[in-house]
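Colleague: sequence first, then the predicted structure:
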Amino acid sequence: MVRQSKKKSLGNYFAIGSMGASIVLKNLPYVLFLSFLTVIYIANAHYAEKQVRRIQTLQKEVKELKRQYNSLKSEIMFESRLSGIGEEVGTLGLRKSAGHVKRIELED
């Protein structure tokens, strides 16, 4: 059995190419619309990824600021105790009185 190979001539390839080109040119508005939608889809995906990265960065920053807030809050609460204030004003020469507090009232 001898197989006969069908060789396509170069003209057949050009004919198919021109037929494909004519189909594309015939549907050019639709092809351009699909290309536009593809570009919009890709741009939207990049924008979404950028926003996700920005949100993650801001979440990390918020966590760090919460830690700083809690640290400062506990430090202020520790130093605002009566004994802490007494130590602070002791360096200024003030001391806690042993008696009752005297109240001064002014008349207008």
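Modeller: Received, thanks.

Colleague: and the helices in this structure?
Modeller: 10-26, 28-79, 82-90 (DSSP state H).

Colleague: save those helices as a markdown table, and put in distance to residue 103 and mean pLDDT too.
Modeller: Quick note: C-beta positions are derived from backbone N, CA and C, even for glycine. Shown next, in a markdown table, are those (distance: least, CB to CB, whole Å; pLDDT from 0 to 100):
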| stretch | distance to residue 103 | mean pLDDT |
| --- | --- | --- |
| helix 10-26 | 96 | 67 |
| helix 28-79 | 27 | 96 |
| helix 82-90 | 19 | 77 |
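
Colleague: go through these and name the closest to residue 100.
Modeller: Ranking those by proximity to residue 100 (CB to CB) places helix 82-90 first, at 16.2 Å.

Colleague: the closest one: which residues count as buried?
Modeller: For helix 82-90, burial by neighbour count (16 or more other CB atoms under 10 Å) applies to no residue.

Colleague: list the helices and strands it packs on?
Modeller: Helix 82-90 sits against helix 28-79, with contacts defined as 3 or more CB pairs under 8 Å, 6 or more residues apart in numbering; DSSP states H and E.
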